[in-house]
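1. the sequence and its predicted three-dimensional model are supplied below.
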Amino acid sequence: MRILIVEDEPKTGDYLLKGLQESGFAVDLARNGADGLHLALETEYELVVLDVMLPQMDGWTVLRRLRERKDTPVLFLTARDDVPDRVRGLELGADDYLVKPFAFAELLARIRTLLRRGPVREAEFIRLADLEIDVLRHRVTRAGQRLELTPKEFALLHLLAKRPGEVLSRSLIASQVWDMNFDSDTNVVDVAIRRLRAKIDDPWPVKLVHTVRGMGYVVELRE
């Protein structure tokens with residue numbers, strides 16, 4: 001799941017970026033309203049975390065112009081807690097409103113709530129054979145056994161599992177999971193796949209992650 005943060009305060013922006021990435025999300029950060037609106041319109045996000053007081057274009061304008069074209073869920077995150085400001089944000093189409101300072105745990109809970117009811121909601125659970133993925137809680141089990149995955153391993157598994165039977169190239173995986181352009185001299189994808197297989201495939205006779213030579217990787221149940 002990809003989230004856009006539009007926040008001009010450097011410490012807050014960096015804190016949100018790091019925290020959400022560590023929680024398993026792919027995250028983009030815009031430092032002003034104009035850049036934020038451009039990204040929100042040109043990229044498919046599951047959620048936008050939007051400050052109100054922004055340089056170049058304030059959050060009200062960003063939200064109004066976004067709503068002219070998209071219904072991406074928007075969480076306002078701002079120091080302005082006056083009732084008229086909250087009402088204005090909700091009337092413009094905001095889905096939730098969180099006032100600074102905030103606890104990251106509460107922000108994460110609100111984000112997950114919005115994602116559950118978002119207009120383009122992904123499946124909350126993915127099942128393939130005896131593998132089960134609880135997407136919102138980032139929990140994975142196989143044959144009833146809980147598997148401990150790192151945030152990147154979970155993001156990699158989720159990307160593959162939500163597109164079963166589809167071969168995903170290394171470049172696509174690198175861009176979606178690591179937000180990087182794939183360099184043929186970099187084996188980060190292959191290393192991550194090996195580590196993922198060691199946890200979800202090696203202990204069981206039926207393998208789910210497969211290599212398609214010269215193309216990439218696919219998750220599927222093969223006879």
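-> Here it is on my side, so go on. As the structure is a computational prediction, the values presented were derived from the model and not from experiment.

2. pull the CA atoms of the helix-or-strand element of the chain with minimal mean pLDDT into CSV?
-> The helix or strand of the chain with the poorest confidence is helix 83-92; it has a mean of 72 (mean pLDDT, DSSP states H and E). Provided in CSV are the C-alpha atoms of helix 83-92 (Å, rounded to 0.1, in the frame of the first residue of the first chain):
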residue,chain,number,x,y,z
VAL,A,83,-13.9,23.4,15.2
PRO,A,84,-14.4,25.6,12.2
ASP,A,85,-11.2,24.4,10.6
ARG,A,86,-12.2,20.8,11.3
VAL,A,87,-15.6,21.3,9.8
ARG,A,88,-14.1,23.0,6.8
GLY,A,89,-11.8,20.1,6.1
LEU,A,90,-14.5,17.6,6.4
GLU,A,91,-16.9,19.6,4.2
LEU,A,92,-14.1,19.8,1.5
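
3. how about residues contacting the next helix or strand after it?
-> Following helix 83-92 in sequence order, the next helix or strand is strand 96-99 (DSSP states H and E). Strand 96-99 is contacted from outside by 74-81, 86, 89-90, 106-107, 110, 113-114, using Cβ atoms under 8 Å, 6 or more residues apart in numbering. Quick note: C-beta positions are derived from backbone N, CA and C, even for glycine.

4. now for the helix or strand following strand 96-99, which elements pack on it?
-> Once the chain leaves strand 96-99, the next helix or strand it forms, by DSSP H and E, is helix 104-117. Contacts defined by 3 or more Cβ pairs under 8 Å, 6 or more residues apart in numbering; DSSP states H and E place helix 104-117 against helix 10-22, strand 47-50, strand 74-78, strand 96-99.

5. and the nearest residue to residue 38 once chain neighbours are set aside, how far is that from residue 91?
-> Excluding the flanking residues, the one nearest residue 38 by Cβ to Cβ, 6 or more residues apart in numbering is residue 30, at 7.9 Å. From residue 30 over to residue 91 the distance is 23 Å, taken as Cβ to Cβ, to the nearest Å.

6. who has more neighbours, those two?
-> Using other Cβ atoms under 10 Å as the criterion, residue 30 and residue 91 rank with residue 30 on top: 23 against 8.

7. and the pLDDT at the more buried one?
-> pLDDT, residue 30: 97.

8. now the one 3 residues further on
-> On pLDDT, residue 33 comes in at 96.

9. and residue 223, by the same measure?
-> Predicted confidence (pLDDT) at residue 223: the value is 63.

10. please look at residue 168 and residue 220 and confirm they touch.
-> No: the pair residue 168 / residue 220 is not scored as a contact, 11.6 Å apart, by Cβ atoms under 8 Å.

11. in the chain, which ranges drop under the pLDDT threshold?
-> When residues are selected by pLDDT under 70, those of the chain lie in 80-83, 86, 118-123, 180-186, 223.

12. mind running it again at 80?
-> 1, 78-92, 116-124, 136, 175, 179-186, 222-223 (pLDDT under 80).

13. circling back to that earlier point, which one of the contacts of strand 96-99 sits closest to residue 23?
-> Nearest to residue 23 among these is residue 107, at 9.9 Å by Cβ to Cβ.

14. quick one, what contacts the closest one?
-> Residue 107 makes contact with 16, 49, 75, 77, 98, according to Cβ under 8 Å, 6+ apart.

15. which residues in the chain form helices?
-> Listed in chain order, the helices found in the chain under DSSP state H are 10-22, 33-42, 59-67, 83-92, 104-117, 151-161, 170-177, 188-200.
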